[in-house]
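Visitor: got a sequence here, can you model it:
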Amino acid sequence: MDREEVAGNTGSRGSTRAVAYVRMSTDPQQFSIENQLAEIRRYAEVRGFEIVRVYEDAGRSGLTLGGREGLTRLMADVASGSADFQAILAYDISRWGRFQDADESAHYEFLCSRAGIQVHYCAEQFDNDGTTSSVLLKAVKRVMAREHSRELSVKVFAGQCRLVERGFRQGGMAGFGLRRLLVDEAGVPKGELVIGQRKSFQTDRVILVPGSDEEVRTVRRMYRMFVEDGRGEAEIAATLNHEGVRTDLGHPWTRGTVHQVLTNEKYVGNNVFNRRSFKLKQRRVANAPGMWVRAKHAFQPLVDEIWFERARAIVQARSRRYDDAQLLDLLRGLLQAQGALSGLAIDERAELPSSSVYRRRFGSLLRAYTLIGYEPEHDYRYVEVNRTLRRMHPETVAMVMEGIRRVGGSAERDPVSDLLTVNGEFTASVVIARCRETSAGSLRWRIRLDTVLAPDITVAIRMDAGNATVLDHYLLPGVDMTNPRLRLAERNGLSLDAYRFETLDTFFALCARAPFEDAA
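Guide: Sure thing, here's the model as predicted:
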């Protein structure tokens, strides 16, 4: 978020116009936003800069550009060619970013230099003047910033592992039939955390406890249906949906959500961590079981371990390791039986591995189809996905309205169009963009803007590759959107990424400000 410098403006008439960039993640207090600004202002006063604006990323990691709204907006202003400043002042190289590729940090600085805008690092012991010594020192400092992040990541991971071994939960929702209980360091209960709540003190811990009696009975019933009655996950999901039972998020059950209940060790009280890694904001990977961190009997179990092991044995026997040839043979058999293939058709067959297995093994479903000589006219997965997203839309609109009201704003929904009127000042439309896979295996999103209702802001929510969870958000001002349809790729230019946000906090903050003209 950027802000105009009003009080404490530095420089005099005729000074070089500059902007400040400040960032803070979870570093020690000496790097707080205000401390950075104080050092930047001292630097500006000595060097004759007039600070006209501050771009700020509070609580953001410096590992990537993603989620750093302040730096993204700053780079967009630089790239526009109409920036009203000639210099950028940052506290030091690490505040500019701890990019894991040092060339990425240099790249953003180069874009500024090419636009005639120089970046100054106010707390560094050298001038960023292009001399050989400054170039060498910058390279060393960038590598040091990268290594600091790596060392910190190792220490944080080791600390998380120790807490897991002591029986404390590390992140993630509780899941159906379970609740997150907040306890102090000694294990004394402090209260239940509902969905969306987090602990407020660093010394607090979280454990899992059984949920309502009805949910616990439902979990145990699911195991009985699977183990004793021989009913598959899809059949169990259909039964629960027919009875009106919903997941912990209020959604209908699917084969996948039932499978998760039947295979997750937390239901027998085990605390398991590091099944997936997303270290240093790099590519998310699934770890081999040998890398998992496990504490047995950490929580009160919902099902007996014997039932869990019997369910695990059924799943393992059904989904034993197939080589590529066997996977393709199974796919050919399904094609011969049904005459067509789709991700939904694969997932509905209990004797086949899931469609995600084919995507991981062959890169995409389309490539697997090609290897067996199948060219689909259509992939009908989108029918079920669209149906799910349509059900999700009213809940999402309600969530956005609740977020606006939580920060002190007001939101009224038109019952016909779903258009929101915020603070009586501006209108907002909420759209959910389905993720699509191209023939080359790339991901794409299409966002349709409502040109008839012409909202002032469109809140575009992008789904992830599986269309199961939210990936990120785009806040698209109507005055900037001239095309009724917007196509997004996995990576987009700065002109588009300036509107990208990982959460809706920025939108809610906008809604908390009034009148709307002041927030625009």
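
Visitor: residue 96: neighbour count?
Guide: Neighbours of residue 96 under the rule other Cβ atoms under 10 Å: 23. C-beta: built from backbone N, CA, C; applies to glycine.

Visitor: got a pLDDT number for it?
Guide: As predicted, residue 96 sits at a pLDDT of 77.

Visitor: with residue 289 instead?
Guide: With respect to pLDDT, residue 289 has a value of 61.

Visitor: try the one 5 residues further on
Guide: Model confidence at residue 294, expressed as pLDDT, equals 74.

Visitor: can you verify it is assigned to a helix?
Guide: No: going by DSSP: H, G, I helix; E, B strand; the rest coil, the assignment for residue 294 is strand, not a helix.

Visitor: tally of neighbours for the nearest residue in space to it that is not next to it in sequence?
Guide: Closest residue to residue 294 apart from its sequence neighbours, by Cβ to Cβ, 6 or more residues apart in numbering: residue 272 at 5.1 Å. Using other Cβ under 10 Å, residue 272 is surrounded by 17 other residues.

Visitor: so which helix or strand takes in residue 272?
Guide: Assessed by DSSP states H and E, residue 272 sits inside strand 271-273.

Visitor: now for that strand, which elements pack on it?
Guide: helix 132-165, strand 293-295 (3 or more Cβ pairs under 8 Å, 6 or more residues apart in numbering; DSSP states H and E).

Visitor: which one of those has the poorest average confidence?
Guide: Looking at the helices and strands packed on strand 271-273, the bottom one is helix 132-165 with a mean of 66.

Visitor: could I get the full set of strands for the stretch 151-300 of the chain?
Guide: If DSSP state E, counting those that start in this stretch is used as the criterion, the strands of the stretch 151-300 of the chain fall at 178-183, 189-193, 205-210, 271-273, 276-277, 285-286, 293-295.

Visitor: please convert those strands to JSON lines, extending it with distance to residue 469.
Guide: Below are these laid out as JSON lines (distance: least, Cβ to Cβ, whole Å):
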{"stretch": "strand 178-183", "distance to residue 469": "18"}
{"stretch": "strand 189-193", "distance to residue 469": "19"}
{"stretch": "strand 205-210", "distance to residue 469": "20"}
{"stretch": "strand 271-273", "distance to residue 469": "20"}
{"stretch": "strand 276-277", "distance to residue 469": "13"}
{"stretch": "strand 285-286", "distance to residue 469": "16"}
{"stretch": "strand 293-295", "distance to residue 469": "23"}
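
Visitor: between these, which gets nearest to residue 119?
Guide: Nearest of the strands of the stretch 151-300 of the chain to residue 119, taken as Cβ to Cβ: strand 276-277 at 32.6 Å.

Visitor: just for the stretch 251-400 of the chain, where's the confidence low?
Guide: 274-291, 293, 318-321, 344, 347-348, 350-351, 356, 360, 377-384, 387 (pLDDT under 70).

Visitor: show me where the stretch 251-400 of the chain has helices.
Guide: 255-263, 305-318, 324-338, 343-347, 355-362, 365-371, 381-406 (DSSP state H, counting those that start in this stretch).

Visitor: can you say which of those helices is nearest to residue 240?
Guide: Proximity to residue 240 (Cβ to Cβ) singles out helix 255-263 among those, at 7.7 Å.
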